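Colleague: All I have is the shape, not the residue letters:
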């Protein structure tokens, strides 16, 4: 990834407060997780007029095993473009961060063609995410289209970016905790702020801290921001094994709190 | 626009409750207004690998007289693509509507090239909208780029779409009331609900109504939703002449309320 490093002054290196080799989601997993949660994007096609120009249009989208599905009208520009040349990409971006460039985004590239007989898979995938589209799905100018992803560019915000291979993309699964992460994080920060300090002391090198807040959670572990004398510092704690349901997450966090308390009372690191 | 009409069953025509020939913003004005308010978009370029594919990427943007300005790094994929082939488009989309396809969006197409000596215009335009970018604007891998718009596709939601000519695009100005519209609409609906009913009765054919809410305002007039026995119906009322400042808007609405009250008391239509 050295090619992606900007030509900016080198900052002073700071020793991380946790073992940075513990499991974290791969870029393929992060990217699959991102797109699974966002039902819209920009479809890029090749325009007839002006000839050969890349043409971006807003679309609603759903996924069939990592491949974007669209329900589009033959009257729309992007459909006319695809009928002429199937080369396409879809860009899906997060929103929410104050700094727009801190948001994650994914560009999926590949040929996009009309779905012929597929046993209703594309239709089912699309209408699950966009149930209101059922009322125009049968208009005679509308059809389902699928982009067969064969190259993926992932930008997870500043300094986290890579090309993802087709194999890695297809093998990766969206994070099973993603639909629950916002709620879980709010619950921990609202009701278990003290426990987070114990997690830091027991499971990281952040021992000199006055507070900690959870900033992220995924199947492999969770991220905190620890308030230290040197300012806020990131801390990540891994789960002993991947956690895949909200119930399992709750039980795991309770067990880790018990473990952390026991270590604190015995002085065991 | 018959080419844009979907092949759906014809609905029963309903007589509009207002004179639909009164001034409304042109599509060029609506599109210029939309992009002036949104500082991000999807830049579409032509990829080197996979060869010739359209590549969508997330960008921050500002405008110099209708032409998008970007501050991008030569390390980024889109910049490498533009250095090879300047053909590009930028898609800017609104958000906010519950139905994503009801949001407006604009695709601006044209060649995008690095800004050479321009007296600091591009820089000033960009940093006015993105002041935090000042800290990396001078990194040696960053430069300002400009897309010279020569074709524009506007989709203002369902059933409002067209190609806009370069001349119309350049001549149009963003609506001067747009930055104040949300506040003005909230104020009217919160504090002047009764006045809106008077506006409908005096200045439209919506005479049989129990309530009205403002749904939009622009330099040429304002839009309401009138609660009639037949359900909610759209009503538009034009200003006598274009209104360009919040103060002028306030004075105009007050004068129109006085006029409407006077017509109501005299029974004059």
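Modeller: That came through fine. Just so it is clear, the model here is predicted, and its values are computed rather than measured.

Colleague: mind checking which helix or strand residue A:106 is in?
Modeller: Element membership of residue A:106, judged by DSSP states H and E, is strand A:105-114.

Colleague: Just give the strands next to that strand in its sheet, each with its orientation.
Modeller: According to DSSP bridges, strand A:105-114 forms sheet pairs with strand A:87-93 (antiparallel), strand A:142-147 (antiparallel), strand A:151-155 (antiparallel).

Colleague: ok, and residue A:44, which helix or strand is that part of?
Modeller: strand A:40-46.

Colleague: helix or strand right after that strand?
Modeller: strand A:54-60.

Colleague: wait, does that following strand contact chain B?
Modeller: Yes - applying CB under 8 Å from any CB of the partner chain, one finds strand A:54-60 in contact with chain B at A:54-58, A:60. (Glycine included, C-beta is placed from N, CA and C.)

Colleague: which of the residues you listed has the most neighbours?
Modeller: Each of these was scored by neighbours using other CB atoms under 10 Å in any protein chain shown; the highest score is residue A:56's, at 34 neighbours.

Colleague: Pull the contacting residues for the nearest residue to that one once chain neighbours are set aside.
Modeller: Counting by CB to CB, 6 or more residues apart in numbering or on different chains, residue B:91 is the residue found nearest to residue A:56 once chain neighbours are left out, at 3.3 Å. Residue B:91 makes contacts with A:42, A:56-58, B:41-42, B:44, B:56, B:105-108, as judged by CB atoms under 8 Å, 6 or more residues apart in numbering or on different chains.

Colleague: what's the average pLDDT for the strand holding residue A:44?
Modeller: Strand A:40-46 comes out with an average pLDDT of 98.

Colleague: What is the neighbour count of whatever residue of the stretch 151-269 of chain A ends up closest to chain B?
Modeller: The minimum distance from the stretch 151-269 of chain A to chain B, using CB to the nearest CB, falls at residue A:151 (5.8 Å). When neighbours are counted by other CB under 10 Å, residue A:151 registers 19.

Colleague: still on that earlier bit, output the residues of strand A:54-60 next to chain B as a markdown table; include the columns pLDDT.
Modeller: As requested, these are arranged in a markdown table below (pLDDT from 0 to 100):
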| residue | pLDDT |
| --- | --- |
| A:54 | 98 |
| A:55 | 98 |
| A:56 | 98 |
| A:57 | 98 |
| A:58 | 98 |
| A:60 | 98 |
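
Colleague: which two in those are spaced the farthest apart?
Modeller: A:54 and A:60 (20.3 Å; CB to CB).

Colleague: Which helix or strand contains residue A:198?
Modeller: Secondary structure assigned from DSSP H and E places residue A:198 in helix A:193-203.

Colleague: what mean pLDDT does that helix have?
Modeller: 97.

Colleague: tell me what that helix is packed against?
Modeller: helix A:178-191, strand A:211-218, strand A:221-228, strand A:231-238, helix A:246-266 (3 or more CB pairs under 8 Å, 6 or more residues apart in numbering or on different chains; DSSP states H and E).

Colleague: Taking their axis directions, it and helix A:246-266 sit at what angle?
Modeller: Taking axes from the mean of the first three to the mean of the last three CA atoms, to 10 degrees, helix A:193-203 and helix A:246-266 form an angle of 70 degrees between their directions.

Colleague: which residues sit against helix A:193-203?
Modeller: Contacts of helix A:193-203 (CB under 8 Å, 6+ apart): A:17-18, A:188-189, A:206-207, A:209-214, A:224, A:226, A:235, A:237, A:253, A:256-257, A:259-261, A:263-264, A:269.

Colleague: quick one: low-confidence ranges for the stretch 151-269 of chain A?
Modeller: Applying pLDDT under 70 to the stretch 151-269 of chain A flags the ranges A:268-269.

Colleague: So which bits of it are right by chain B?
Modeller: For the stretch 151-269 of chain A, the contact set with chain B under CB under 8 Å from any CB comprises A:151, A:153, A:155.

Colleague: Report the beta-bridge partners for the second one.
Modeller: Using DSSP bridges, the bridge partners assigned to residue A:153 are residue A:107, residue A:163.

Colleague: OK, contacts around it?
Modeller: Here residue A:153 is in contact with A:106-107, A:109, A:161-164, B:55, B:57, B:77 (criterion: CB under 8 Å, 6+ apart).

Colleague: what's the closest of the residues you listed to residue A:246?
Modeller: Of all the contacts of residue A:153, residue A:246 sits closest to residue A:106, with 25.1 Å by CB to CB.

Colleague: picking that back up, roughly how far does the residue nearest to residue A:56 sit from residue A:33?
Modeller: Per CB to CB, to the nearest Å, residue B:91 is found 24 Å from residue A:33.

Colleague: Residue A:84 now?
Modeller: 34 Å.

Colleague: More neighbours: the two, which one.
Modeller: Higher neighbour count among residue A:84 and residue A:33: residue A:33, with 23 against 12, using other CB under 10 Å.

Colleague: most tightly surrounded among the helices and strands packed on helix A:193-203?
Modeller: strand A:221-228 (a mean of 22; mean count of other CB atoms under 10 Å in any protein chain shown).

Colleague: so does stretch A:18-35 get close to chain B?
Modeller: No - using CB under 8 Å from any CB, stretch A:18-35 stays clear of chain B, with a minimum separation of 11.8 Å.

Colleague: and that stretch, which residues are buried?
Modeller: A:18, A:24-35 (16 or more other CB atoms under 10 Å in any protein chain shown).

Colleague: could the residues you listed be laid out in CSV, adding pLDDT and secondary structure?
Modeller: Listed next are the buried residues of stretch A:18-35 as CSV, based on pLDDT from 0 to 100; DSSP: H, G, I helix; E, B strand; the rest coil:
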residue, pLDDT, secondary structure
A:18, 95, coil
A:24, 96, coil
A:25, 97, coil
A:26, 97, coil
A:27, 97, helix
A:28, 98, helix
A:29, 98, helix
A:30, 97, helix
A:31, 98, helix
A:32, 98, helix
A:33, 98, helix
A:34, 97, helix
A:35, 98, helix
